[in-house]
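Asks: sequence plus the predicted model coming up.
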Amino acid sequence: DPPNLHMDNTASVSRLNCRAKGAAAGFRVAILGAAGGIGQPLAMLMKMNPLVSVLHLYDVVNTPGVTSDISHMDTGAVVRGFLGQQQLEEALTGVDFVIIPAGVPRKPGMTRDDLFNINAGIVRTLSEAIAKCCPNAIVNVISNPVNSTVPIAAEVFKKAGTFDPKKLLGVTMLDVVRANTFVAEVLGLDPRDVNVPVVGGHAGVTILPLLSQVKPPCSFTPKEVDYLTHRIQNGGTEVVEAKAGAGSATLSMAYAAVKFADACLRGLRGDASVVECAFVASQVTELPFFASKVRLGRIGVEEIYPLGPLNEYERAGLEKAKKELESSIQKGVSFVRK
Ligand code: NAI
């Protein structure tokens, strides 16, 4: 026999115990839309995350293949696949954390709002199942338009009586990731050393990088501010055009989603001072939802930070952002209430 089959009982029991201990230390995570362009690399990266003990992969197509493939990775998380609406509830039962990248992406010439008609219904259906099967889970919404899909999920949860504003987060991390990269390029720094707060929302002018608050402290010429703001706001469109009809950002998005999910999970574990930007129910402005820096903890969003001092350029940007955000939020709310 090959040597690894010569396990005596004690050894195998202790191995099982070790495995169980490892599993107990982690969180149970579901990805809805796991077979898609974002879903697949996201599933792969979550399988590599030591904070994940169980990974549920749900989609309406192709999950058996994706699950089989990912389950061969020799990392700790146990992977299970769920296919089609009739397995949605099973996919969600008992999970602590849900990530939603389900829905159609943009093609050249489309805005994120053009996706509303299809994705609004998808997010509503998935949110109804979350309210029923894992009402206490932390939910990360990636599906666009985030400025409307987060309000949709909130309305569904309110209807079901399960809404906890601390547990629903729209993922705007890709805007921060892009901002860090582009700012680092201009400053000639390593992007790992740069932190750019990006507030507002996740579409066009609602994406508001606060270049006056970049860490490490630095200054930009007016030309650099214009270039950076525009490039950060249009980073998604840059990728959509380069992919020329084959979809939108998937790999950088999966990276950003995992960076954000990992922050949420570290918060859940009880780590101190976990701070990231996210689109959440908020009183930072007069709007009911807004993206800003939040502190993540054991119950989700534990603290929402004010925007801090803005310069004139940023104040003008904020007014524009709020105008568009207000109607996107209203559109989401009306979709569920109507
Ligand atoms: P994709 O089309 O490659 O994948 C979407 C997946 O969702 C497909 O596998 C599809 O079968 C699945 N799906 C469709 N209806 C479903 C349902 N009812 N339940 C479960 N799964 C369902 O699209 P991709 O590129 O992965 O993008 C997904 C979403 O993420 C899009 O809405 C896109 O706009 C958004 N996105 C968000 C970003 C952000 O920063 N928040 C950045 C990039 C994309």
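Replies: Happy to help now that I have it.

Asks: where does the stretch 151-300 of the chain come near the ligand, residue by residue?
Replies: 171, 174, 202, 247-250, 253 (CB under 6 Å from any ligand atom). (Glycine included, C-beta is placed from N, CA and C.)

Asks: which residue packs closest to whatever residue of the stretch 1-150 of the chain ends up closest to the ligand, ignoring adjacent ones?
Replies: For the stretch 1-150 of the chain and the ligand, the shortest gap (CB to the nearest ligand atom) falls at residue 36, measuring 2.1 Å. Spatially, and ignoring its direct neighbours in sequence, residue 36 is nearest to residue 101 (6.1 Å; CB to CB, 6 or more residues apart in numbering).

Asks: so for the one you found, what's the pLDDT?
Replies: The model reports residue 101 with a pLDDT of 98.

Asks: OK, contacts around it?
Replies: Counting by CB atoms under 8 Å, 6 or more residues apart in numbering, residue 101 makes contact with 31-34, 36, 38-39, 42, 142-143, 253, 257.

Asks: now the longest helix seen in the chain, how far from the centre of its chain.
Replies: Longest helix in the chain, counting residues (DSSP state H): helix 312-337. The chain centre lies 20 Å from the centre of helix 312-337; the measure is CA atoms, centre = their mean, to the nearest Å.

Asks: which strands or helices does that helix pack on?
Replies: Contacting helix 312-337 under the criterion 3 or more CB pairs under 8 Å, 6 or more residues apart in numbering; DSSP states H and E are the following elements: helix 116-133, helix 146-160, strand 198-200, strand 207-209, helix 222-233, strand 289-297.

Asks: would you point to the one among those that's packed deepest?
Replies: Most buried of those by mean neighbour count (mean count of other CB atoms under 10 Å) is strand 198-200; its value is a mean of 29.

Asks: that one - what's its average pLDDT?
Replies: 98.

Asks: just checking, what packs against that strand?
Replies: By 3+ CB pairs under 8 Å, 6+ apart, strand 198-200 packs against helix 173-187, strand 207-209, strand 289-297, helix 312-337.

Asks: quickly compare these and say which is most buried.
Replies: It is strand 207-209: most buried of these by mean count of other CB under 10 Å, with a mean of 27.

Asks: that older thread, turn the helices and strands packed on helix 312-337 into JSON lines, including distance to residue 56.
Replies: Output for the helices and strands packed on helix 312-337, formatted as JSON lines (distance: least, CB to CB, whole Å):
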{"stretch": "helix 116-133", "distance to residue 56": "11"}
{"stretch": "helix 146-160", "distance to residue 56": "18"}
{"stretch": "strand 198-200", "distance to residue 56": "30"}
{"stretch": "strand 207-209", "distance to residue 56": "31"}
{"stretch": "helix 222-233", "distance to residue 56": "33"}
{"stretch": "strand 289-297", "distance to residue 56": "22"}
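
Asks: what's the helix or strand for residue 256?
Replies: helix 251-269 (DSSP states H and E).

Asks: that helix: which residues count as buried?
Replies: Across helix 251-269, burial judged by 16 or more other CB atoms under 10 Å covers 252-268.

Asks: about what we covered before: quick one: the residue of the stretch 1-150 of the chain closest to the ligand and residue 58 touch, right?
Replies: No. Using CB atoms under 8 Å as the test, residue 36 is too far from residue 58 to be in contact (11.1 Å).

Asks: looking at the helices and strands packed on helix 312-337, spot the one closest to residue 110.
Replies: When the helices and strands packed on helix 312-337 are compared by CB to CB, helix 116-133 sits nearest residue 110, at 10.8 Å.

Asks: for that closest one, name the packing helices and strands.
Replies: If you count contacts as 3+ CB pairs under 8 Å, 6+ apart, helix 116-133 packs onto helix 88-92, strand 97-100, strand 138-141, helix 146-160, helix 312-337.

Asks: does the longest one come close to the ligand?
Replies: This points to helix 312-337. No. Helix 312-337 lies apart from the ligand when judged by CB under 6 Å from any ligand atom; the minimum separation is 13.3 Å.

Asks: so that helix versus strand 289-297, what angle?
Replies: 90 degrees (axes from the mean of the first three to the mean of the last three CA atoms, to 10 degrees).

Asks: what angle sits between helix 312-337 and helix 146-160?
Replies: Using the same axes, to 10 degrees: helix 312-337 against helix 146-160 is 40 degrees.

Asks: how big is the angle separating helix 312-337 from helix 116-133?
Replies: Taking the same axes, to 10 degrees, helix 312-337 and helix 116-133 form an angle of 70 degrees between their directions.
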